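>>> Coordinates for the following, if possible.
(2 chains)
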Amino acid sequence: MDLVSTPVRLPADWRDFYALTKPRVMTLVIFTGLCGMLAAPGTIHPVLGFAAILCIAVGAGGAAALNQWWEADIDAGMKRTAKRPLPSGRMERESARDFGFALAGGAVVTMGLAIGWLAAAILAISIFYYAWVYTVWLKPRTPQNIVIGGGAGAFPPLIGWVAVTGHITWMPVVLFLIIFFWTPPHFWALALFVQTDYAKVGIPMLPVVAGERVTRRQILLYTLLLVPLSLVPWAFAGTGAVYGVAAAALGLVFLALALRVGLRHSVPNDTMKPEKQLFAYSVLYLFALFAALVLDRFV
Amino acid sequence: MGQDPDQNPDKHDFDLAAFRARQKARNRALGLLLGALVVLFFAITVVKLGVQADKRHGSSLLYDSAQHG
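Below is the predicted model:
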């Protein structure tokens, strides 16, 4: 091709590919996966442990790229996502699709060869769950998308645990459930203050479909389930006081913030400060809870 | 009326330079990534060979102790 005589379209920058992996979300994925690994009984060679975490991160990045490939049109219509590489026109859709499949496939195969095929199978399920069950199937169809789809983000500690032990016990399942029940209050708090964006692109998020009142009640309900669930590892699985006290204290703060969100009504031109605070705290909560779990094991 | 940018040779020179710079940056990133993967796979192989060797050594010790009381 004669590049001088034809208009040149710039190829996507490597930073755009990096952005496609949703690095901020990946931080939480890496952290919870690492905590699952460190909290598991047994040891893993540091090189293999690093490889397992890398595979979890790359798999999550691949799923995120596939999510953005599928949702490029939706992202273009939302203020929060309009600057992503695809809606802003910095990358072609096929590049995002190929990149996503390459990362996802590479992560699963590497996990299988380096760690084991049970961990690889769970990783493959988590990628499929996020990229297809949540993104393609649930998100555009049901306001329960976040509830069921929340399972996708709950897999990393399970994978981390299985990477060390080679099998599934009920403790990593509890860790899975903690993230599963944490996801609705986390995402619905966000959905409350960006609901106009979701409504504009026709995504049936709960505040859009059922209204704010129902969403606030659901946030409260899921928080009421989450807090006692977070105490299960302390009550039944032999984790120590470090985890127990941390889970109780963190849970009480979560509950207080959720109560404030659950019992209020927004007014015109509302700044939605309590909802933003709950969203920000929910991220901190998960980091701190899993950090306490690991700390408890080594104290 | 301004000049059509697609007819402006200076613009194409600029585009081509930007295109090549972008390609170079991508190639460099890809090269680093592939290099890191080679190192990672090598390290994984060494570790797994070590683990297998330890297992074999352990099982042969068990066999020896069973044979010789």
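>>> C-alpha from now on. contacts and neighbour counts both.
Will do.
>>> Can you find the residue of the stretch 101-250 of chain A that comes nearest to chain B?
residue A:114 (6.5 Å; C-alpha to the nearest C-alpha).
>>> Kindly report the residues of chain B close to chain A.
Selection of chain B residues close to chain A by C-alpha under 8 Å from any C-alpha of the partner chain yields B:6, B:12-13, B:15-16, B:18-19, B:22-23, B:25-26, B:29, B:40, B:43-44, B:47-48.
>>> Measure how buried the residue of the stretch 101-250 of chain A closest to chain B is and give me the count.
Residue neighbour count, defined by other C-alpha atoms under 10 Å in any protein chain shown, stands at 22 for residue A:114.
>>> From the residues of chain B next to chain A, list the buried ones, please.
B:12, B:15-16, B:18-19, B:22-23, B:26, B:40, B:44, B:47-48 (16 or more other C-alpha atoms under 10 Å in any protein chain shown).
>>> residue ranges of the helices in the stretch 101-250 of chain A, please?
Secondary structure of the stretch 101-250 of chain A by DSSP state H, counting those that start in this stretch: the helices cover A:117-128, A:145-149, A:151-165, A:170-193, A:195-201, A:206-209, A:212-230, A:232-236, A:241-262.
>>> what mean pLDDT does the fifth one have?
Model confidence over helix A:195-201 averages 80 on the pLDDT scale.
>>> mind checking how far residue A:269 is from residue A:279?
Per C-alpha to C-alpha, to the nearest Å, residue A:269 is found 19 Å from residue A:279.
>>> Neighbour count for those two, which is higher?
Taking other C-alpha under 10 Å, residue A:269 and residue A:279 do not tie; residue A:279 has more neighbours (24 against 6).
>>> pLDDT (mean, whole number) over the helix or strand harbouring the more buried one?
Take DSSP states H and E as the rule and residue A:279 turns out to sit in helix A:273-298. Across helix A:273-298, pLDDT averages out at 95.
>>> Report all helices and strands that it contacts.
The helices and strands touching helix A:273-298, judged by 3 or more C-alpha pairs under 8 Å, 6 or more residues apart in numbering or on different chains; DSSP states H and E, are helix A:23-39, helix A:170-193, helix A:241-262.
>>> Need the winner for burial among the helices of the stretch 101-250 of chain A.
Ranked by mean neighbour count under mean count of other C-alpha atoms under 10 Å in any protein chain shown, those are led by helix A:151-165, which reaches a mean of 26.
>>> low-scoring stretches of the chain, by residue?
In the absence of a named chain, this looks at chain A. By pLDDT under 70, the low-scoring segments of chain A are A:1-8.
>>> actually chain B
Using pLDDT under 70, the flagged stretches of chain B are B:1-14, B:59-69.
>>> what ranges do the strands span in it?
Remark: no strands are assigned in chain B by DSSP state E.
>>> sec struct for residue A:266, please.
On the three-state scheme (DSSP: H, G, I helix; E, B strand; the rest coil), residue A:266 is labelled coil.
>>> which residues touch it?
residue A:272 (C-alpha atoms under 8 Å, 6 or more residues apart in numbering or on different chains).
>>> same thing with residue A:103?
By C-alpha under 8 Å, 6+ apart, the contact set of residue A:103 is A:58-59, A:61-62.
>>> what would those residues look like in JSON lines with neighbour count, secondary structure and distance to chain B?
JSON lines is the format used below for the contacts of residue A:103 (neighbours: other C-alpha atoms under 10 Å in any protein chain shown; DSSP: H, G, I helix; E, B strand; the rest coil; distance: C-alpha to the nearest C-alpha, whole Å):
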{"residue": "A:58", "neighbour count": "23", "secondary structure": "helix", "distance to chain B": "12"}
{"residue": "A:59", "neighbour count": "29", "secondary structure": "helix", "distance to chain B": "15"}
{"residue": "A:61", "neighbour count": "28", "secondary structure": "helix", "distance to chain B": "15"}
{"residue": "A:62", "neighbour count": "29", "secondary structure": "helix", "distance to chain B": "15"}
